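**Student:** below is the sequence, then the predicted model.
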Amino acid sequence: MPLVKVQSRGTQNVGGGRKNLIINGAMEVAQRGTSASSKTASDYYTCDRWRTEASGATFNTSQQSNTASDMATTGAKHFLRMEVTTANNNSGISQKIEAKNIRQFKGEKLTLSFYAKGTNPNGGSFDVVRQFDDGSASSTQEKSSLTVTSSFVKYTYTFDYPDEGSVTMTDANAKLALSFLQPDGDSSTNAWTLDITSVQLEVGEQATSFEHRSLGEELALCQRYYQKFGSGSYWGFQAKTTDTSRQVQGMLPTEMRATPTLETSGWRSGYSFTATNFLGTSYFNFYSLAGDTTSHILLTDWNLEAEL
């Protein structure tokens, strides 16, 4: 069933004011940066929670500011742009929703809505794909077609809760991937662009008005999966004895989905830290090796990732 353009916003609210299952649907949070160029690998680059799917493509991705007229249309200050310079099928963007946040809606109708525009040599056509997986098993892909134009239009699609297949929905890595992709089987290498914002997935058969959360709340939701500690401030300590290690400990601003992976641009002024058992979902604990008498300062240009 194709997606349908709609011209007005609904008014129905769903469940406690937190109806949107999408995080950062208005593309407000971009902890990793606002642009990335000439990329070829699938990864998270700009707007939080939105993963770029490369599949052999070369692309640029960026957080863009809406014009005043587009802001009035979409209700959003920003949009996410994926600009593919060399295309390949199944390239696009996706968000992965934890199964624990959606499995309680099994048997329900779900409605997806968003604003999109762009260009595509294949008649402006993209696939909107829904698929569960847990890292070991995947459900069958369910697809809808999306045809964009050069202006922002609101699209909405109501569908049954997707088939779970043999996915273990209680697995910590189980998720629903919602993707906007160049159509499967489209082998064109021509360039294309997709701009998207105000993405909402909610329970029910009606596309209601987009749920605007405060920037602080949206950031906290994003920090469950990624936390950036900016450069310019320091954690530090002096190890003074030959038989005792020294530590720097702290609590993370938001508990993370799983024990995160440390990403860092390097240590400052000595780096004989151990990276073993130093992180939890809610804390960090950097410490020097026993017997090390060197002064250490850690530049806080480090990031923690616990994406699905």
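**Tutor:** In hand now; what should we look at?
**Student:** residues in contact with Asp134?
**Tutor:** Counting by Cβ atoms under 8 Å, 6 or more residues apart in numbering, Asp134 makes contact with 99, 167-169, 171, 173-175. In short, each C-beta sits where N, CA and C put it, glycine included.
**Student:** run the last query once more with 7 Å
**Tutor:** With contact set as Cβ atoms under 7 Å, 6 or more residues apart in numbering, Asp134 has these partners: 167-168, 171, 173-174.
**Student:** as CSV, those with neighbour count and pLDDT would be great.
**Tutor:** Shown next, in CSV, are those (neighbours: other Cβ atoms under 10 Å; pLDDT from 0 to 100):
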residue, neighbour count, pLDDT
Val167, 24, 98
Thr168, 16, 98
Asp171, 15, 97
Asn173, 16, 97
Ala174, 24, 98
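**Student:** out of those, which is nearest to Thr74?
**Tutor:** Distances from these to Thr74 were compared by Cβ to Cβ; the smallest belongs to Ala174, at 31.5 Å.
**Student:** quick check: the closest residue to that closest one other than its chain neighbours vs Met256, distance?
**Tutor:** The shortest distance from Ala174 to any non-neighbouring residue, by Cβ to Cβ, 6 or more residues apart in numbering, is to Ala99 (3.6 Å). Here the criterion is Cβ to Cβ, to the nearest Å. By it, Ala99 lies 17 Å from Met256.
**Student:** do a quick rundown of the helices in the stretch 101-250 of the chain.
**Tutor:** Counting by DSSP state H, counting those that start in this stretch, the stretch 101-250 of the chain has helices at residues 215-222.
**Student:** how about low-confidence regions in it?
**Tutor:** Within the stretch 101-250 of the chain, the ranges that satisfy pLDDT under 70 run 121-122, 231-248.
**Student:** and the strands in it, which stretches?
**Tutor:** Taking DSSP state E, counting those that start in this stretch, the strands of the stretch 101-250 of the chain run over residues 109-119, 125-133, 142-147, 153-160, 175-181, 192-203, 226-229, 234-238, 247-251.
**Student:** those strands: which one's closest to Arg49?
**Tutor:** Comparison of those against Arg49 by Cβ to Cβ identifies strand 226-229 as nearest, at 8.2 Å.
**Student:** packing partners of the closest one?
**Tutor:** In this structure, strand 226-229 packs against strand 302-305, with contacts taken as 3 or more Cβ pairs under 7 Å, 6 or more residues apart in numbering; DSSP states H and E.
**Student:** list the contacts of the strand it packs on.
**Tutor:** For strand 302-305, the surrounding residues in contact (Cβ under 7 Å, 6+ apart) are 226-229, 256, 260-264.
**Student:** pLDDT of that strand, averaged?
**Tutor:** Strand 302-305 carries an average pLDDT of 86.
**Student:** on that earlier part again, quick one: the contacts of Asp134 as TSV, columns for distance to Lys19 too.
**Tutor:** Listed next are those as TSV, based on distance: Cβ to Cβ, whole Å:
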residue	distance to Lys19
Val167	24
Thr168	27
Asp171	26
Asn173	25
Ala174	22
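**Student:** helix, strand, or coil at Asp70?
**Tutor:** Going by DSSP: H, G, I helix; E, B strand; the rest coil, the secondary structure assigned to Asp70 is helix.
**Student:** surely it meets Val153?
**Tutor:** No: here Asp70 lies out of contact with Val153, judged by Cβ atoms under 7 Å, at a distance of 11.1 Å.
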